[in-house]
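A.B. asks: The sequence and its predicted three-dimensional model are supplied below.
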Amino acid sequence: GEAAGDGGGEAEGDADGEAEPPKPKAKKMKRIYHIEDLTDEEMAERRVILIDSITFIVFDFIRTGAFERHKLTLAALLVLKICVNDGWYSAEEVSYLVEGKVAADPGNMGPVYEWLDEAVWSKLKALEGLPHFKGLGDALQADTDDWRAWFDLPSPEAAKLPGEFDKTLSPFAKVTLLRSMRPDRVPIALSRWIESRMDARFVQQAKFDMEKCYNETTPQTPVFFVLFAGVDPTPWVEDLGKSMGITEEFGTFRNISMGQGQEKPAEAVVELFAQQGGWVMLQNLHLMQTWVVALERLLEVVSEGTNETFRCFISAEAPSMDWMKNMPESLMQSCIKVANEAPADIKSNLARSWSEFNQGRFDEMDECGRTDQFKACLLSLCYFHSVMLGRIQFGMAGFSRKYGFNTGDLTICAQVLTNYLKIGDPNQEYEVQWSDLRYIFGQIMYGGHITDFFDRRVDETYLEVLFRPELFRGLVFLRSEERRVGKECRSRWS
């Protein structure tokens, strides 16, 4: 938590405004063999590097087991705590952002009453308790038209504030102002502030690495996977097991889907592998709430003198309500928790989708000379997959029913795309069968999940926009272009 105070860097924000804490900058150090050989300057640099590294490693470990909706809160609390500990912000300043204080007697609203809610006005007047927000209420009444225009913007966090406040407020203070006036934009503004204050790694999570997770386990530490729609941890465990020679064929891996009558076989496998070595995966434990207590006791018993190659993997769905519990707290505390939920935003989903394909997929297309076409189509496919997953986050407003789109749909569609692009002579120009791809992707692969007519129309409209010949001719998906294609698709459906 001391890294922020030791790093170099220039203050953020306007030169006339409130100074922001400098972002830590860790320099590359020469390789050392004896700590006593370091100079005072090198020791200080090493201290910054260690604090920065430990801070992120601990945060990333905790984030792995957190739900997607909690990750930004976790990152924000960590960064705010560091800033308070280093003396850049007082605890009172941070409390205005965290708590959203309300003034007991906000006073007369004046002309602001025409467009601003009274509850928001109370929060704005409470901000005047901070020095850099002095006169905020008077400024809103004096420049009410400018403030109203800013308030009505779709993205006020990216626009300049009216009057002198744009110069005098720091980026952190602007987030606090948004907390009072436009709380719907706080997640985006807070993410950008954390990126500038610390690092993009704190808000943009890398793809889940099963091998890295395995390296943190021991025979006494099970791995607990939280199940989400479209997320199946089985391939992660099986693929890692194959690379290490642990498979069902060799008798060292067992995957058991828990249900009625599976208690005794599961206990027998756990006891056997704990003695002889092997991996056991117990799935859907949320269906066995009365038995998990016996499993917890069994894991405690076999942990004494267990084989070094023994590993236990557990999966269960999260409770339908936050206050509900379907797993013993002591069992959860003894496990490494993995909640690899699909992100809510398109950017993170797109990055995760693209990371599913390694360089070997592109090298494969070099043989037929169609790598550029494959990259363009694959990016469009990943974008389509990201949009379909993103709509699920909006509930009934996204799709009429809940569908389990998953990574398997994406990878199978990518294989179909590969097969289609390999057709024909590599030395001749190839014309992509767009209608075939749209039909396979929209009607069979992703469409196989869809049962509602209007949801299918959304699915096919996306494909009409994303899979067409212009993709190879510098197509840019501007809103005007999407609107034109969308109108063509709607006329076809009407």
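C.D. replies: In hand now; what should we look at?
A.B. asks: Distance check, the residue nearest the centre of the chain against residue 303.
C.D. replies: The centre of the chain sits closest to residue 343, judged by CA atoms, centre = their mean, with a distance of 4.1 Å. Using CB to CB, to the nearest Å, we find residue 343 at a distance of 35 Å from residue 303. Where C-beta positions appear, they are placed from N, C-alpha and C, glycine not excepted.
A.B. asks: Strands along the stretch 101-250 of the chain, start to end?
C.D. replies: Using DSSP state E, counting those that start in this stretch, the strands of the stretch 101-250 of the chain run over 223-227.
A.B. asks: Show the residue spans covered by the helices in it.
C.D. replies: Ranges of helices within the stretch 101-250 of the chain are 118-127, 136-142, 144-151, 165-168, 171-181, 186-197, 210-215, 234-243, based on DSSP state H, counting those that start in this stretch.
A.B. asks: Packed most tightly, which of those would that be?
C.D. replies: Most buried of the helices of the stretch 101-250 of the chain, by mean neighbour count (mean count of other CB atoms under 10 Å): helix 171-181, with a mean of 22.
A.B. asks: which residues are contacting it?
C.D. replies: Applying CB atoms under 8 Å, 6 or more residues apart in numbering, the external contacts of helix 171-181 come out as 12-13, 18, 20, 89, 93, 96-97, 100, 120, 123-124, 126-127, 130, 132-133, 151, 156-157, 161, 165, 169, 185-186, 189-190, 193, 196-197.
A.B. asks: Kindly recompute the last result at 7 Å.
C.D. replies: Outside helix 171-181, the residues within contact range by CB atoms under 7 Å, 6 or more residues apart in numbering are 12-13, 18, 20, 89, 96-97, 100, 120, 123-124, 127, 132, 151, 156-157, 169, 185-186, 189-190, 193, 196.
A.B. asks: lowest-pLDDT helix or strand in this protein?
C.D. replies: When the helices and strands of the chain are scored by mean pLDDT, DSSP states H and E, helix 3-6 comes last with a mean of 39.
A.B. asks: Which SSE is immediately downstream of that helix?
C.D. replies: The first helix or strand that comes after helix 3-6 along the chain, using DSSP states H and E, is helix 40-64.
A.B. asks: packing partners for that following helix?
C.D. replies: Taking 3 or more CB pairs under 7 Å, 6 or more residues apart in numbering; DSSP states H and E as contact, the helices and strands that helix 40-64 lies on are helix 3-6, helix 68-85.
A.B. asks: Return the most buried member of the ones you listed.
C.D. replies: Comparing the helices and strands packed on helix 40-64 by mean neighbour count (mean count of other CB under 10 Å), helix 3-6 ranks first with a mean of 20.
A.B. asks: re earlier: reformat the helices of the stretch 101-250 of the chain as CSV; add mean pLDDT and distance to residue 335.
C.D. replies: Compiled in CSV, the helices of the stretch 101-250 of the chain are given as follows (pLDDT from 0 to 100; distance: least, CB to CB, whole Å):
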stretch, mean pLDDT, distance to residue 335
helix 118-127, 94, 41
helix 136-142, 93, 48
helix 144-151, 94, 46
helix 165-168, 91, 48
helix 171-181, 95, 35
helix 186-197, 93, 28
helix 210-215, 94, 11
helix 234-243, 93, 14
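A.B. asks: how about a markdown table for these, with distance to residue 308 added?
C.D. replies: Output for the helices of the stretch 101-250 of the chain, formatted as a markdown table (distance: least, CB to CB, whole Å):
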| stretch | distance to residue 308 |
| --- | --- |
| helix 118-127 | 57 |
| helix 136-142 | 63 |
| helix 144-151 | 62 |
| helix 165-168 | 61 |
| helix 171-181 | 49 |
| helix 186-197 | 40 |
| helix 210-215 | 13 |
| helix 234-243 | 16 |
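A.B. asks: Can you say which of those helices is nearest to residue 443?
C.D. replies: helix 234-243 (25.1 Å; CB to CB).
A.B. asks: now the angle from that closest one to strand 223-227?
C.D. replies: Counting by axes from the mean of the first three to the mean of the last three CA atoms, to 10 degrees, helix 234-243 lies at 150 degrees to strand 223-227.
A.B. asks: quick one: contacts of helix 234-243?
C.D. replies: The contact list for helix 234-243 (CB under 7 Å, 6+ apart) reads 210, 211, 214, 247, 253, 255, 279, 281, 313.
A.B. asks: in its sheet, what does the helix or strand just after it sit against?
C.D. replies: Using DSSP H and E, the next helix or strand after helix 234-243 towards the C-terminus is strand 253-257. Its sheet considered, strand 253-257 pairs with strand 279-283 (parallel) by DSSP bridges.
A.B. asks: Run the chain-centre distance for the helix or strand following the partner strand.
C.D. replies: For strand 279-283, the succeeding helix or strand toward the C-terminus, using DSSP H and E, is helix 292-302. The chain centre lies 33 Å from the centre of helix 292-302; the measure is CA atoms, centre = their mean, to the nearest Å.
A.B. asks: ok, and for helix 292-302, which residues are buried?
C.D. replies: Within helix 292-302, the residues scored as buried using 16 or more other CB atoms under 10 Å are 292, 295, 296, 298, 299, 302.
A.B. asks: re earlier: sec struct for the residue nearest to the centre of the chain, please.
C.D. replies: Put simply, residue 343 is coil when judged by DSSP: H, G, I helix; E, B strand; the rest coil.
A.B. asks: Identify the residues contacting the spatially closest residue to it that is not a sequence neighbour.
C.D. replies: Nearest non-adjacent residue to residue 343, counting by CB to CB, 6 or more residues apart in numbering: residue 349, 5.2 Å away. By CB under 7 Å, 6+ apart, residue 349 lies in contact with 342, 343, 386, 389, 390.
A.B. asks: separation between residue 130 and residue 92?
C.D. replies: Counting by CB to CB - residue 130 and residue 92 are separated by 8 Å.
A.B. asks: Neighbour count for these two, which is higher?
C.D. replies: residue 130 (16 against 11; other CB atoms under 10 Å).
A.B. asks: Could you list the low-pLDDT ranges of this structure?
C.D. replies: 1-33, 322-323, 424-430, 474-494 (pLDDT under 70).
A.B. asks: could you redo the last one with a cut-off of 50?
C.D. replies: Counting by pLDDT under 50, the chain shows low-confidence ranges at 1-17, 29, 478-486, 489-490, 492-494.
A.B. asks: Spit out the contact partners of the nearest residue to residue 112 once chain neighbours are set aside.
C.D. replies: By the measure of CB to CB, 6+ apart, the closest residue to residue 112 outside its immediate chain neighbours is residue 140, 5.2 Å from it. Neighbour list for residue 140: 112, 124, 147 [criterion: CB under 7 Å, 6+ apart].
A.B. asks: pretty sure residue 264 belongs to a helix, no?
C.D. replies: Yes - membership of residue 264 in a helix is supported by three-state DSSP.
A.B. asks: how close does it get to residue 205?
C.D. replies: 39 Å.
A.B. asks: Which one's more surrounded, the two?
C.D. replies: Using other CB under 10 Å as the criterion, residue 264 and residue 205 rank with residue 205 on top: 19 against 8.
A.B. asks: For the stretch 301-450 of the chain, which segments count as helices?
C.D. replies: Per DSSP H, counting those that start in this stretch, the stretch 301-450 of the chain carries helices over the ranges 329-334, 346-354, 359-366, 371-392, 407-421, 434-439.
A.B. asks: Return the list of helices and strands in contact with the fifth one.
C.D. replies: The helices and strands touching helix 407-421, judged by 3+ CB pairs under 7 Å, 6+ apart, are helix 371-392, helix 434-439.
A.B. asks: what's the distance between the residue nearest to residue 112 and residue 396?
C.D. replies: In this structure, residue 140 and residue 396 are 37 Å apart, going by CB to CB.
A.B. asks: again with residue 124
C.D. replies: Distance of residue 124 to residue 396, given as CB to CB: 34 Å.
A.B. asks: for residue 311, same thing?
C.D. replies: In terms of CB to CB, residue 311 sits 40 Å off from residue 396.
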